[in-house]
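J.: The sequence isn't on hand, but the structure is:
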């Protein structure tokens, strides 16, 4: 009798649980890189928790291990992440390997229009195959590689006079890549307030994506193209064009003549450290860090200013940023989609920008007050008009590592010439695309 | 004495189990004891090895599970032979292996010889000397990265003090010429104490009467060293070399922390290259073939070495 009662109570509890499950509060895990905007997202998500009843957990992985850690998770069909703000280059692999949920039907059902987001971000963060209306992510965080500099040093009369004497022109934000090099070289080894300072902190990291992200900041303004004909993978003459060779030689000169000693394996963290410690006059980094830099008590505020990656033959900035996707292996897809629906709302996007996240929503970007809302907001808009991204193919990791090796070999390890480095890169990439059956 | 122990163990066995065992042959009981170990060995070592051999003949990519897997015959192995990156990584490994073992044997043996001289505080010195090998490699890697920092690093300042050069005029980790030596220095610093301890064990196992007999025969200290100490410590030393050789052939963590394989690919050891192929480029089939080549190389070299070691022991 006792057993019968227990069984009845168990069955009742089970049926109650089944009935209430659609509205049941879920514990959602969102995976992203560990950096400033991630903290802003934690803050923003509290509103979602209050509205939906779902609980948000976060798995933030440091950038150097982000790709390794998360791609391992996806490739093994792991259920760690319900939502993933994955790097833009992962979209091809995410879509073709079935890691990401296709969002078209959900967008149609919920009235979410990709037309409400900046075109460049939709193209880069959401679509696969590129430019087709097949969406695997919602643009979450617009980003590009930009520059910042010591405004207080640039304003000093003695420094300005010395610069004019040396170059014959006024010291100011560089209008071209070559002017940037000239300014960086001017500051290299200069004594300022009794301290030796250096020109520029740039990306030279070998292990993940650092040196590629830095060098493309020079390649794009020189007119670099991945293919002669988009979609044909005909790289000979494009990747190793004379302009690309010139850009690569330029970056090597910048590295050799205008960076701090020991700067052989530097990425985001090292760039921020070099600038905040007062070592360098200029530094490159992602716009995502600019709110934090501006707020820094020692080198922020009136001491810092920002500029978009300077043009050379044309405008061009390296694309950063990510879209937010629902992971196909998640058991909580409905709740994860709820989060995306909530995140896509214009008022949430406005709050996102207010907290330090870079919204890609047109209602935020097209607001007349936007360019004045932060010292770097205008530059961000400008950069996003001319961004270019690395390959987003499913074989992106192989393509990226090949480029990392060729660039580091030439720039840091002094092996071969720029022409040889790019010729070898074309060979590497050709082999990879042949393996992929695309050539 | 041992019989008593056997009786005690037999007495302690529960009657129910004892009754079941009583009917089994010695061979069956042996299998009961050895079986779990063999099963684990097969499951954890042998099966993955066979599976890796199988994968090495395919174009499988672990990140492309939807793609059809094709058998490509010996193509992966042919590719390894023609891949300059593999050969460069093998060269870097050989450089690292040779010089670390050379310095560790030289310094380790010398330290053991000095420590073996009975002097006041030699236990304290032994403890101090073995400290580096007690640290985790990741900590050592980070720690030496700071020491090698051109602007604030102690190492550069010491070298600058001794040579009169500007500390920031050279980069141990960023220079193609110096980076291979920088990893040799750190590994030597960390693992010389291990070689020293093994040599010390060898030296302390030499009975005093052998030296006393040599003294009576009026053998000089130098002769005693070369005819007693060195030959009797040699098997120990060879064992230390075997351990260090195998460890350094698969060296990964320390070098990744220090140089990440750079600058360029100057310090990209075989294990780092393998990791990049397997878990960054996701060429599972190709990297399986590299793993098999490395396995055969280490296994082959170790087998030859162990035979030589046995011959030395027999002498």
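T.: Sure, I can see it. Fair warning: this is a prediction, and the values are worked out from it, not measured in the lab.

J.: Work out for me the element residue B:298 sits within.
T.: helix B:284-314 (DSSP states H and E).

J.: Up against chain A, what does chain B have?
T.: Residues of chain B lying near chain A by C-beta under 8 Å from any C-beta of the partner chain: B:59, B:62-66, B:85, B:149-151, B:168, B:171, B:173-174, B:176, B:259-266, B:276, B:279-283. The C-beta positions use only the backbone N, C-alpha and C, and glycine is treated the same way.

J.: May I see the PyMOL selection of the buried members of these?
T.: In PyMOL, this line selects whichever of those come out buried by 16 or more other C-beta atoms under 10 Å in any protein chain shown:
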select buried, chain B and resi 59+62+63+64+149+150+168+171+173+174+176+259+260+261+262+263+264+265+266+276+279+280+281+282+283
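
J.: What about residue A:325, how many residues nearby?
T.: Residue A:325 is flanked by 30 other residues according to other C-beta atoms under 10 Å in any protein chain shown.

J.: can you check the one 5 residues further on too?
T.: Residues near residue A:330, counting by other C-beta under 10 Å, number 22.

J.: before we move on, what about the one 3 residues further on?
T.: When neighbours are defined as other C-beta under 10 Å, residue A:333 has 17 of them.

J.: Provide the secondary structure category for the residue nearest to it when sequence neighbours are not counted.
T.: Spatial nearest neighbour of residue A:333, chain neighbours left out: residue A:326 (5.7 Å); criterion: C-beta to C-beta, 6 or more residues apart in numbering or on different chains. At residue A:326 the chain is in strand, as set by DSSP: H, G, I helix; E, B strand; the rest coil.

J.: Residue A:139 now?
T.: Going by three-state DSSP: residue A:139 is strand.

J.: so who does the most centrally placed residue in chain A touch?
T.: Centroid check for chain A by C-alpha atoms, centre = their mean gives residue A:320 as the closest residue, at 2.4 Å. Each residue near residue A:320 by C-beta atoms under 8 Å, 6 or more residues apart in numbering or on different chains is listed here: A:88, A:143, A:144, A:145, A:213, A:286, A:287, A:288.

J.: try 10 Å
T.: Residues counted as contacts of residue A:320 (C-beta atoms under 10 Å, 6 or more residues apart in numbering or on different chains) are A:87-88, A:124, A:141-146, A:213, A:268, A:285-288, A:358, A:383, A:387, A:389.

J.: For it, which non-adjacent residue is closest in space?
T.: Distances taken as C-beta to C-beta, 6+ apart place residue A:143 nearest to residue A:320, at 3.3 Å, with adjacent residues excluded.

J.: Surely that neighbour touches residue A:359?
T.: No. Taking C-beta atoms under 10 Å as the definition, residue A:143 is not a contact partner of residue A:359, at 11.2 Å.

J.: Who has more neighbours out of the two?
T.: residue A:143 (29 against 26).

J.: Need the nearest residue in space to residue B:193, chain neighbours excluded.
T.: residue B:130 (4.2 Å).

J.: do the same with residue A:243
T.: Leaving aside its sequence neighbours, residue A:243 sits nearest to residue A:222 (C-beta to C-beta, 6+ apart; 4.5 Å).

J.: cool, residue B:145 as well?
T.: Residue B:145 sits nearest to residue B:258 (C-beta to C-beta, 6+ apart), 6.1 Å away.

J.: list the contacts for that neighbour?
T.: A:265, B:137, B:140-145, B:148, B:172-173, B:179, B:182-183, B:185-187, B:267.

J.: Take those residues and keep only those in helices.
T.: Per DSSP state H, helices hold the following members of these: B:137, B:140-145, B:179, B:182-183, B:185-187.

J.: my read: residue A:62 touches residue A:34, true?
T.: Yes. The criterion here is C-beta under 10 Å, and residue A:62 meets it with residue A:34 at 4.9 Å.

J.: For chain A, just list every one of the strands.
T.: Assigned by DSSP state E, the strands in chain A fall at A:27-33, A:55-61, A:83-87, A:138-141, A:145-150, A:190-192, A:195-201, A:280-286, A:304-308, A:317-318, A:322-326, A:387-388.

J.: hey, which of these is tucked in deepest?
T.: Mean neighbour count, computed with mean count of other C-beta atoms under 10 Å in any protein chain shown, is highest for strand A:138-141 among the strands of chain A, reaching a mean of 28.

J.: Does anything pack onto it? Which helices or strands?
T.: Where contact means 3 or more C-beta pairs under 10 Å, 6 or more residues apart in numbering or on different chains; DSSP states H and E, strand A:138-141 is packed against strand A:27-33, helix A:36-52, strand A:83-87, helix A:119-125, strand A:322-326, helix A:333-343, helix A:346-355.

J.: Can you name the residues that contact the residue lying closest to residue B:228 once chain neighbours are set aside?
T.: Excluding its sequence neighbours, the residue lying closest to residue B:228 (C-beta to C-beta, 6+ apart) is residue B:210, at 5.7 Å. Contacts of residue B:210 were listed using C-beta under 10 Å, 6+ apart, and they are B:224, B:227, B:228, B:229, B:232.

J.: From residue B:272, how far out is residue A:35?
T.: 26 Å (C-beta to C-beta, to the nearest Å).

J.: Neighbour count for these two, which is higher?
T.: Remark: of residue A:35 and residue B:272, residue B:272 carries more neighbours, 23 against 19, as counted by other C-beta under 10 Å.
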